[in-house]
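# below is the structure, and that's it, no one-letter string:
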């Protein structure tokens, strides 16, 4: 989770990714949609390319210009984006209603995203899920060491 | 989206919410799990209470101590958390595998979360979704004004 949050856990990165899913591809498109400085936008796009979430494709030779396209790793962030949008639609919209409606090509209807269990198909609720350490769980000693290191780091900062 | 990201779009807030879903409720519990400073933790918890995502319940009188519990608004963030965790499980784990396994009480199995359409039940893919302005869409003039304001703000900063 902490590593994933290192990828998506800042305001601008989430807004840039949202724009990607709305089919924005060019530097100027992101800039005018988001009102972000060129410096911050360039830095975030570079990071997303480095992490394999976006790839750069040239669309003009002189001066050289690129489009930014979601990779499969990036497209796989769609449930994260839809979950965020749906929570906002439920809890953050004003009296006018949703700013965007999502239409599903498969059935032609406006929809809400619903998260279900891959095994039984029931909608997921936090209260019905139990969490166990998996094969990649860190041993408690290592967790403590890391936590102590994090504390030392925040103290030093 | 921007308003929602104002709620959850920072690293510590997302990690605190993740701990809430892992049943952590007390200040010291969050602190030892996350290695966050008391100052930052207190500030983030206060914000989450103010936004109605957590509520504070006293569990000790002198000195006064509180537990932090997810409200319904907070519980509704579960799909966001699960989507983030699942993306990390797919793209960010090392060769040892997942740090945590999720077991569904309804079927007793370890599962992956799957996001489906509320109308037809098909799994959702970005390429099959079309987005239209909804009743709460801002008129283009207002979007421009806001974007210009945002630019002025970032220039001033």
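Everything's here; your move. Predicted model only: the values in this text are computed from it and were never measured. Numbering: from 1, shown residues only, chains lettered A, B, ... in the order given.

# which stretches in chain A count as strands?
According to DSSP state E, chain A carries its strands in the segments A:54-60, A:65-70, A:100-104, A:113-117, A:129-133.

# can you list the ones you listed in a markdown table and add mean pLDDT and mean neighbour count?
Where C-beta positions appear, they are placed from N, C-alpha and C, glycine not excepted. Shown next, in a markdown table, are the strands of chain A (pLDDT from 0 to 100; neighbours: other C-beta atoms under 10 Å in any protein chain shown):
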| stretch | mean pLDDT | mean neighbour count |
| --- | --- | --- |
| strand A:54-60 | 95 | 13 |
| strand A:65-70 | 96 | 17 |
| strand A:100-104 | 96 | 18 |
| strand A:113-117 | 98 | 21 |
| strand A:129-133 | 95 | 13 |
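
# got those strands as CSV, with distance to chain B columns?
Shown next, in CSV, are the strands of chain A (distance: least, C-beta to the nearest C-beta, whole Å):
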stretch, distance to chain B
strand A:54-60, 14
strand A:65-70, 8
strand A:100-104, 4
strand A:113-117, 4
strand A:129-133, 5
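
# let's have those in a markdown table, adding distance to residue B:4.
Compiled in a markdown table, the strands of chain A are given as follows (distance: least, C-beta to C-beta, whole Å):
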| stretch | distance to residue B:4 |
| --- | --- |
| strand A:54-60 | 22 |
| strand A:65-70 | 20 |
| strand A:100-104 | 12 |
| strand A:113-117 | 14 |
| strand A:129-133 | 23 |
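
# so which of these gets nearest residue B:114?
Residue B:114 lies closest to strand A:113-117 among the strands of chain A, at 5.3 Å (C-beta to C-beta).

# list the contacts of the closest one.
Contact with strand A:113-117 is made by A:79, A:82-83, A:85-86, A:102, A:122-124, B:78-79, B:82-83, B:104, B:106-107, B:109, B:111, B:113-118, B:124, as judged by C-beta atoms under 8 Å, 6 or more residues apart in numbering or on different chains.

# narrow the residues you listed to those in helices?
A:79, A:82-83, A:85-86, B:78-79, B:82-83 (DSSP state H).

# if we take those, which one ends up nearest to residue B:137?
Distance to residue B:137, by C-beta to C-beta, is smallest for residue A:85 among those, at 13.5 Å.

# now the nearest residue to the closest one once chain neighbours are set aside: how far from residue A:83?
Spatial nearest neighbour of residue A:85, chain neighbours left out: residue B:1 (6.0 Å); criterion: C-beta to C-beta, 6 or more residues apart in numbering or on different chains. Distance, residue B:1 to residue A:83, using C-beta to C-beta, to the nearest Å: 12 Å.

# just to revisit the earlier point, now, which of the ones in helices among the contacts of strand A:113-117 sits nearest residue A:38?
Comparing the ones in helices among the contacts of strand A:113-117 against residue A:38 with C-beta to C-beta places residue A:85 closest, at 26.7 Å.

# I figured residue A:15 hits residue B:5, correct?
Yes - using C-beta atoms under 8 Å, residue A:15 is in contact with residue B:5, at 6.5 Å.
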